[in-house]
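J.: Show me how the following folds:
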Amino acid sequence: MNELTFTLFVRVDQFDGSDTSSCTSFRAKHCMGLHGGEERVCIMLRSKKLLLCLIVLPTLIASLAFTFGAVHPTRAASALTSLTDYHIPSGLDPWGTAFDSSGHVWVAIPGCNPNPDCGNNASPGKIEEFDPSTSTWINTIPLPSGQALFLAFDAPGNLWFPLFHTNQLGEYDTSGHFHTWTMPTPTSGPWDLVFDNNGKLWITEHFINRIAEFDPTANNGAGAFVQQVPTPATNSNPYGITVDASNNIWFTENNSAVALIGEIPATNGLLVEYKIRSGSTTNLTPHMITVDPAGNIWWTEGFAGEKLAEAGQ
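T.: Okay, the predicted model is just below:
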């Protein structure tokens, strides 16, 4: 990728859709310092093919990516007025969340901090269910084995989750029963997951640098893994994953030595990777990723605290 210009705090690249090696940089209009707990969140504007980098507080990340995805980030910041914490009854270390069709929030509670694994002495994790209408925790679900980090509901309302330590894909169905499938490759570290628009499940395999596809309807409804898509880098550590309205799969490559955003296009399934920035990538570790209603791709970059910037052409 040819770097034409480099701004002081943030680089904004405009990608030609037919040639990802070309780019044009723009300047950031405003920059101001933030204090503790900063992270970098990046947005790729697909309509304009822009790559925009922002540094925001973790709370602002959540409000931008989840609640105010379609709102200009500076307006989203001013709209944040208060926060309420709810103590988790079952333990420590809450991770991913998912909403069911009733509006209840389900939270993965691994009960340990994977670094990158929790080890054989860690107890099985739990999943908690929270009812926002009553502000109460209404259900604690102990896992039979392993720990879940992230959750996703399918259309019928079954809850799915990767189990990184036991190398399995798990399902908690609407009848309250657990089902598991062993990942295609041993010790693959299944991490995050997303359902595409056709009901197929895509899973980042954090330890082996691949993305797995699972079809719940295969084998007469018994489910089966369809494929694994490897990254060129053998140390990419795929982390967060999402899908856009065109059914393209997007994921982060979490190693700062790689620092890429990957796309598996729905049209041909051939992996495309986007370089986040040139120069030093120290501490540049893209984590979670999501799509807003306008089709913009947002992701967080842990440990890359610098500035808050607004980009302009």
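J.: Tell me which residues touch Pro216, please.
T.: By Cβ atoms under 8 Å, 6 or more residues apart in numbering, the contact list for Pro216 reads 154, 199-201, 223. C-betas here are computed from N, CA, C, even on glycine.
J.: got it, and Asp173?
T.: So, once contact is read as Cβ under 8 Å, 6+ apart, Asp173 ends up touching 158-159, 179.
J.: Give me the distance between the nearest residue to Gly223 once chain neighbours are set aside and Gly170.
T.: Using Cβ to Cβ, 6 or more residues apart in numbering and skipping residues adjacent in sequence, the residue nearest Gly223 is Pro216, 4.7 Å away. The spacing between Pro216 and Gly170, counted by Cβ to Cβ, to the nearest Å, is 12 Å.
J.: Which one of the contacts of Asp173 sits in the busiest neighbourhood?
T.: Most neighbours among the contacts of Asp173, by other Cβ atoms under 10 Å: Leu159, with 22 neighbours.
J.: doesn't Ala148 make contact with it?
T.: No. Between Leu159 and Ala148 there is no contact under Cβ atoms under 8 Å: 9.3 Å.
J.: any shared contact partners between the two?
T.: Ile127.
J.: The stretch 151-300 of the chain: helices as residue ranges?
T.: Assigned by DSSP state H, counting those that start in this stretch, the helices in the stretch 151-300 of the chain fall at 218-221.
J.: which residues of it fall in strands?
T.: 152-153, 159-163, 168-172, 178-182, 190-195, 201-205, 210-215, 224-230, 238-243, 249-253, 260-264, 272-275, 285-291, 297-302 (DSSP state E, counting those that start in this stretch).
J.: For Asn198, which non-adjacent residue is spatially closest?
T.: Asn247 (6.9 Å).
J.: before we move on, back to that, just send the contacts of Pro216 back as TSV, with neighbour count, pLDDT and distance to Thr231 too.
T.: Listed next are the contacts of Pro216 as TSV, based on neighbours: other Cβ atoms under 10 Å; pLDDT from 0 to 100; distance: Cβ to Cβ, whole Å:
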residue	neighbour count	pLDDT	distance to Thr231
Asp154	15	97	26
Gly199	12	97	25
Lys200	18	98	19
Leu201	22	98	19
Gly223	16	97	25
